[in-house]
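Peer 1: Based on what follows, work out the 3D shape:
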Amino acid sequence: MVLKGLEQLVEEAAMQAFEPNINNTTDEKKFASFRKAAGRSVICVHVKLDGINIAVPVINQNQSLAHLAKEAISRLEDTGISCEMEYNQCYFKKFHRDEFYIMKPSDIIKDVLSDGDMVEIVARKTQERKNSHKLRSSSSSEDAETSCATEELHQPKRVLDIPVIDVNGYDLNLDSLIRLGKGEAKLSLSDETIRKLRETRDIVEGIIEKGYVRYGINTGFGLLSKVVVENDKLVELQYNIVRSHCAGIGEPLPIETTRRILALRINVLAKAFSGCNPGLVEHMVEMFNKNCLPLIPAQGTVGASGDLAPLAHLAQGVIGEGTMWSPKTGWGEALEVLAANNMVPYQLTPKDGLSLINGTQFICGVGAEALHRAKNCVRTTVIITAMVFDILEGHTNAFDDRVHAIRPHTGQRRIAAALKALCNSPKYPSEIYELEKHDVQDPYTIRCVPQVAGVTLDTINFVEGIFSTEMNSATDNPLVFGAEEEVGNEAADIISAGNFHGEYPAKALDFLTIAVHEIGNMSERRLERLCNPSCSNLPAFLVDSPGLNSGFMIPHCTSAALVSENKTLCFPSSADTQSTSAGKEDHVSMGGWAARKALRVVKNLENVLAIELLAACQALEFKRPLHTTEPLEAVYNLVRTKVDPFVKDRAFTPDIEVIQKMIEQNLIWETVAPYLDSDPFWDEF
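Peer 2: Numbers count the residues shown, from 1 in each chain. Coordinates of the predicted model:
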């Protein structure tokens, strides 16, 4: 869906620039050049249309706001929500903190908008359009706001509701978390969850009332846990821990990542072992549902005692401090963003601050994206392998069921089954496969893909199991058990333990990094065989007139560079540790870096696979008029809707970026899936 929108925007931008003289040969060349260059600089504008937020990439910033409205309406309708609004019969409200500014459809995007800006599209009635000059010439912003507030808006018919996920700390899964990150679902708390939160909160309040000393409630933290804090300072203690732990640095996390971290923290607190005030969790749910998202720097966690620094920045927004983003305001001061969304800062009570910052939600929030995209990569690499297999005249007997039944690793058998389903068969014959073979045995990067990608698939499933447990685990410290009437007994007490330690997700993400990198290693080697005429019997670097044209020479270098970079990123972060908090926290997981570099490796892999897929489709051009199997031809056709054959040299970067986005969005697999009886990767045998 996004790729189609990008393509349409590029076409419109190019046509707008050159339409008057498009029949002229010179202008046709300029048109093609402009069309490619336009894809290189993209900003994202957040468009609000009938209460629904739509992220719209803008390629040509010389277009008018009318074009932005047209694209937003198209994207809304793609989701199943009908909209009768005319894109050129509206006006625009740009929000900045607690103010907004009126813009008209003819305004040029580059003159009025920047990356990340939020605008609302407002429909106008015919009579209102006639009098629109009165609105624009209003003597004060207050008058303009009053006029806009009383104006009737066209209401598109909603046929698709945003689902609501009940969080309870027990059954959140990876797919739901990814949807939450994308803003495709909201959160709720059941009455039963609130009841459990109230029970553990009563224990905390009972401990304070009876004068018991318990870590994190009325003591200092870390090495300072021996210091007892008086009751009249307990609220100040909680604010102090949030503020003092806001020490992160580096680039802010993307909005989707912050959403996932907030959702995960809510889920952990909803498990009701932290002893926080139920009102705190309800406040965080409201923040999530209104997309009030604090700025979280990417660096600063060692992964024990939990992700303290990044979660402190999350908590900072909860109390109305620091920087925050919402669709209504864009980036601004947290206090102002909350106010614009009819919210006020949460007032911390004893134990609340500590409950906000202890856990592995940064590791899981970042790592979840790496895991999700890795699943797309392993599917894609099998599809590309099948295509290269046919081009390089491979032998299907390497995928024979009998071979893999006697070495029955689950992943190996699944990958072999997928390759067998995609390659030449009675159901999907390949004309290319019928060509005479020049070798009786295939290279390892084709023949051994089930054995290598198989363990990658098994590792992904292992990591997802770890994450499913971790996302639904009580990772706070201390933990609260029992009932209020049992305070002071062992049955109800505050236990200081180590569930915050991030070693489980850290180790799992290190495993994931190593496993997915290996399919990149094989991809780069297959690409070299395609480009090398002595291996492929194809023109050097897959282009006509090699020498005059360089073809895929440098894309192969790019692939090699990314694979080499990934090799250096495969050193396990969790093999390192540093003693912190004056030796009190003397072993840490380094899980934050494990998560960040796992995602970086997966992103690099997507580009490596994108280059190989481009090369495979180009190699098929030299096999024509013969065709490969029907599902693989469908992939070829998908690629050709976005990327033309390489007749002569041109810039590769825009094409690589387009195919990388296809892989990220799992479009390659979705193209093949209808041809298969089942999903060989995850369905049961």
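
Peer 1: Give me the below-cutoff pLDDT ranges for the protein.
Peer 2: For the chain, applying pLDDT under 70 flags the ranges 1-42, 84-89, 96-100, 124-161, 438, 483-492, 682-685.

Peer 1: Spatially central residue in it, please.
Peer 2: Of all residues in the chain, the one closest to the mean position by CA atoms, centre = their mean is Glu369, 5.1 Å from it.

Peer 1: Assign a three-state SS to that residue, would you?
Peer 2: Assigned by DSSP: H, G, I helix; E, B strand; the rest coil, the conformation of Glu369 is helix.

Peer 1: so it touches Arg260, yeah?
Peer 2: Yes. Judged on CB atoms under 8 Å, Glu369 makes contact with Arg260 at a distance of 7.4 Å. Heads up, the C-betas are built off the backbone N, CA and C, glycines and all.

Peer 1: overlap in contacts of the two?
Peer 2: Ile178, Gly181 (CB atoms under 8 Å, 6 or more residues apart in numbering).

Peer 1: Tell me, how many residues neighbour Lys603?
Peer 2: Residues lying near Lys603 (other CB atoms under 10 Å) number 18.

Peer 1: May I have the residues that are in contact with it?
Peer 2: By CB under 8 Å, 6+ apart, the contact list for Lys603 reads Arg373.

Peer 1: Can you give me the buried ones in the strand or helix carrying it?
Peer 2: Per DSSP states H and E: Lys603 is located in helix 591-621. Residues of helix 591-621 classed as buried by neighbour count (16 or more other CB atoms under 10 Å): 591-599, 601-621.

Peer 1: Quick check: what element follows it along the chain?
Peer 2: Past helix 591-621, the next helix or strand by DSSP H and E is helix 630-640.

Peer 1: Which strands and helices lie in contact with that following helix?
Peer 2: Packed against helix 630-640 by the contact rule (3 or more CB pairs under 8 Å, 6 or more residues apart in numbering; DSSP states H and E) you find helix 361-391, helix 410-422, helix 591-621, helix 653-664, helix 667-672.

Peer 1: Put together TSV for the ones you listed, with distance to Tyr170 on each row.
Peer 2: Formatted as TSV, those follow (distance: least, CB to CB, whole Å):
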stretch	distance to Tyr170
helix 361-391	15
helix 410-422	27
helix 591-621	22
helix 653-664	30
helix 667-672	30
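
Peer 1: For Phe92, which of those is the nearest?
Peer 2: Closest approach to Phe92 among these (CB to CB): helix 653-664, 27.3 Å.

Peer 1: Can you spell out which helices and strands pack onto the closest one?
Peer 2: Short answer (3+ CB pairs under 8 Å, 6+ apart): helix 653-664 packs on helix 2-18, helix 361-391, helix 591-621, helix 630-640.

Peer 1: can you rerun that using 10 Å?
Peer 2: Packing partners of helix 653-664 (3 or more CB pairs under 10 Å, 6 or more residues apart in numbering; DSSP states H and E): helix 2-18, helix 25-38, helix 361-391, helix 553-569, helix 591-621, helix 630-640, helix 667-672.

Peer 1: For the residue nearest to Glu503 when sequence neighbours are not counted, grab the count of nearby residues.
Peer 2: Of all residues not flanking Glu503 in the chain, Ser589 sits nearest, at 4.5 Å (CB to CB, 6 or more residues apart in numbering). If you count neighbours by other CB under 10 Å, Ser589 ends up with 27.

Peer 1: need the strands for the stretch 451-600 of the chain, in chain order.
Peer 2: Assignment of strands within the stretch 451-600 of the chain using DSSP state E, counting those that start in this stretch yields the ranges 479-481, 493-495.

Peer 1: Straight-line length of stretch 167-175, end to end?
Peer 2: The first and final residues of stretch 167-175 sit 14 Å from each other (CA to CA, to the nearest Å).

Peer 1: Out of the strands of the stretch 451-600 of the chain, which is closest to Arg447?
Peer 2: Taking the strands of the stretch 451-600 of the chain one by one with CB to CB, strand 479-481 is closest: 51.6 Å.

Peer 1: starting at the chain centroid, how far to that closest one?
Peer 2: Put simply, strand 479-481 sits 33 Å off its chain's centre (CA atoms, centre = their mean, to the nearest Å).

Peer 1: Tell me the helices and strands packed up against it.
Peer 2: helix 191-210, strand 493-495.

Peer 1: Save the ones you listed as CSV, and put in mean neighbour count and distance to Met103 too.
Peer 2: Listed next are the helices and strands packed on strand 479-481 as CSV, based on neighbours: other CB atoms under 10 Å; distance: least, CB to CB, whole Å:
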stretch, mean neighbour count, distance to Met103
helix 191-210, 17, 43
strand 493-495, 18, 55
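
Peer 1: will you turn the helices and strands packed on helix 653-664 into CSV that also has distance to Asp191?
Peer 2: Putting the helices and strands packed on helix 653-664 into CSV (distance: least, CB to CB, whole Å) gives the following:
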stretch, distance to Asp191
helix 2-18, 39
helix 25-38, 53
helix 361-391, 25
helix 553-569, 46
helix 591-621, 34
helix 630-640, 48
helix 667-672, 39
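
Peer 1: ok, the residue nearest to Asn240 when sequence neighbours are not counted - contacts?
Peer 2: Closest residue to Asn240 apart from its sequence neighbours, by CB to CB, 6+ apart: Gly353 at 7.7 Å. Gly353 is in contact with 216, 221, 234-245, 276, 280, 312, 315, 318-319, counting by CB atoms under 10 Å, 6 or more residues apart in numbering.

Peer 1: Select only the buried ones of those residues in ChimeraX?
Peer 2: What follows is the ChimeraX syntax for the buried subset of the contacts of Gly353, where burial is set by 16+ other CB under 10 Å:
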select :216,221,234,237,238,239,241,242,243,245,276,280,312,315,318,319
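
Peer 1: How is Ser678 assigned, secondary-structure-wise?
Peer 2: With three-state DSSP as the basis, Ser678 sits in coil.

Peer 1: circling back: for Leu308, see how far away the residue nearest to Asn240 is.
Peer 2: Plainly put, Gly353 is 11 Å away from Leu308 if you go by CB to CB, to the nearest Å.

Peer 1: Mutual contacts of those two, please.
Peer 2: With CB under 10 Å, 6+ apart as the test, Gly353 and Leu308 both reach Phe221, Ile241, Ser244, His245.

Peer 1: so Leu335 sits in a strand?
Peer 2: No. Secondary structure of Leu335 (three-state DSSP): helix, not part of a strand.

Peer 1: Just to check, it is in contact with Pro345?
Peer 2: Yes. The criterion here is CB atoms under 10 Å, and Leu335 meets it with Pro345 at 6.6 Å.

Peer 1: Give the residues shared as contacts by these two.
Peer 2: Contacts common to Leu335 and Pro345, judged by CB under 10 Å, 6+ apart, are Gly317, Ile319, Gly320, Glu321.

Peer 1: burial measure for Phe288, as a count.
Peer 2: Per other CB under 10 Å, the neighbour tally for Phe288 reads 22.

Peer 1: Need the phi and psi values for it.
Peer 2: Backbone torsions for Phe288, taken as degrees, to the nearest 10, come to phi -60, psi -50.

Peer 1: separation between it and Ser176?
Peer 2: 13 Å.

Peer 1: Give me the common contacts of these two.
Peer 2: Here Phe288 and Ser176 have Val167, Ala185, Ala263 as joint contacts, going by CB under 10 Å, 6+ apart.

Peer 1: quick one: which of the residues you listed sit in helices?
Peer 2: The members of the shared contacts of Phe288 and Ser176 that map onto helices under DSSP state H are Ala263.

Peer 1: Would you mind checking which of the shared contacts of Phe288 and Ser176 is nearest to Phe389?
Peer 2: Once CB to CB is applied, the member of the shared contacts of Phe288 and Ser176 that ends up nearest Phe389 is Ala185, at 39.4 Å.

Peer 1: Contact partners for that closest one?
Peer 2: Ile162, Pro163, Val164, Ile165, Ser176, Leu177, Ile178, Arg179, Ala263, Phe288, Asn289.

Peer 1: and which of the residues you listed is nearest Gly520?
Peer 2: Once CB to CB is applied, the member of the contacts of Ala185 that ends up nearest Gly520 is Ile178, at 22.3 Å.

Peer 1: can I assume that closest one is in contact with Ile165?
Peer 2: No. Using CB under 10 Å as the test, Ile178 is too far from Ile165 to be in contact (11.8 Å).
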